[in-house]
Each structure stands twice: as C-alpha cells, then as structure tokens.
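**Student:** Predicted model, plus sequence, below.
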Amino acid sequence: MKLSGSSKALWDTMATASRAHNENNDCTVKALTAATGLTYDECHHALAKQGRKPRRGCNFHTMGKRAAKELGFLMEALDWRDYDAKTCISAERDRKLAKGRYVLQVRGHVAALVDGKVVDWSQGRRHRIRAVYAFTPIAKPEPTKIPKGTAKWQAYTKYTKQDQIPLF
C-alpha cells in the first residue's frame, strides 16, 4: 500500500474503527467517511439506517446517496465528460479531480478521492472507473433576524402572542 501522509493516517484511522465494529466489506462506509470528512461511526450509523447490514456490502448509488443527504452532503454523479480519468491511477493525475471530495466507483468496490489522492487499499491499482460522485456540503439557510422595534418585529410578536392563546 502506497498511501502518503494524511491519506495514510486517515486510512489507518478508518481501519482501526472498522476492526472495532468487527466489519468486513465496508468499502462504502470508508469511502463515505473519507468523502465527507466525518467519523467512521457517524457514516456507519447513517448507512445502517439506510439498510446496510453488518459485514455486508451495499449499493453505494442508492444507500450512499441517502446516507450522504442525512449527513448534510449532496452526492452528485459526474458526467463522464467532466473528467479525463479512466482508472484509479489516472484519477490522481486528473486536473479536473485535483480539488474536492469524490467517490470512485469501480466493479464491485468504491474508493474515495480526496484532493487528488485516493484514500483506499486500491491506490496505485488500475481499477477501471465506472462512475465518479462529487460530494458537497449542503448549505443550511441562516435564520432571518428581525430588528427589534421595527414594524415587522411588532407584527411578529403580536402574531406569536395570538398563536399562544390556549384553545381549551
């Protein structure tokens, strides 16, 4: 395995957490962990909520998308014309995939690509890419603040006071 620097540290952390859960066939959990930057436990729980069974693989396209949304990320499949990479090795050299968080789907496996580095045991191998998924955080709208003393504030407080009247 030729993982370098921070990607090796991330992989080691995920492998330790995987052993703690007594997991096997958990490439979807590891890929989701690396792509979102969250902990292994959070991603493991999110995928379990979507129906992933312990020590069993799962369909990343469906369960991964729902788990990512639950974790606050948008998972979008990239069009094959949006990147030049054909294998995991060429994905690390692809300038279009140099920045950002992606998951590479190959036959029977998924691997994470974080800022141009593959975070997986398959780094340096010629697995042919079938699909690439981009992960972006979902922006949460900020609550609008109404300045006190304005007409809108008075109307808002009047409305909420009326709303709090007991009916029975």
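**Tutor:** Great, that's in hand.

**Student:** residues in contact with the residue lying closest to Gly51 once chain neighbours are set aside?
**Tutor:** Leaving out its chain neighbours, the residue that sits closest to Gly51 by Cβ to Cβ, 6 or more residues apart in numbering is Met63, at 6.3 Å. Placement of C-beta: from N, CA and C, glycine included. Counting by Cβ atoms under 8 Å, 6 or more residues apart in numbering, Met63 touches 28, 47, 50-52.

**Student:** run the last query once more with 6 Å
**Tutor:** 47, 50, 52 (Cβ atoms under 6 Å, 6 or more residues apart in numbering).

**Student:** Disregarding flanking residues, what is the spatial nearest neighbour of the last one?
**Tutor:** In this case it means Arg52. Spatial nearest neighbour of Arg52, excluding adjacent residues (Cβ to Cβ, 6+ apart): Cys58 at 4.3 Å.

**Student:** Quick check: phi and psi at the closest residue to Lys65 other than its chain neighbours.
**Tutor:** With sequence-adjacent residues excluded and distances taken as Cβ to Cβ, 6+ apart, Lys65 is closest to Met75, at 4.8 Å. Note on Met75: backbone dihedrals following degrees, to the nearest 10 are phi -110, psi 120.

**Student:** contacting residues around Met75?
**Tutor:** Met75 neighbours (Cβ under 6 Å, 6+ apart): 65, 68, 133, 135.
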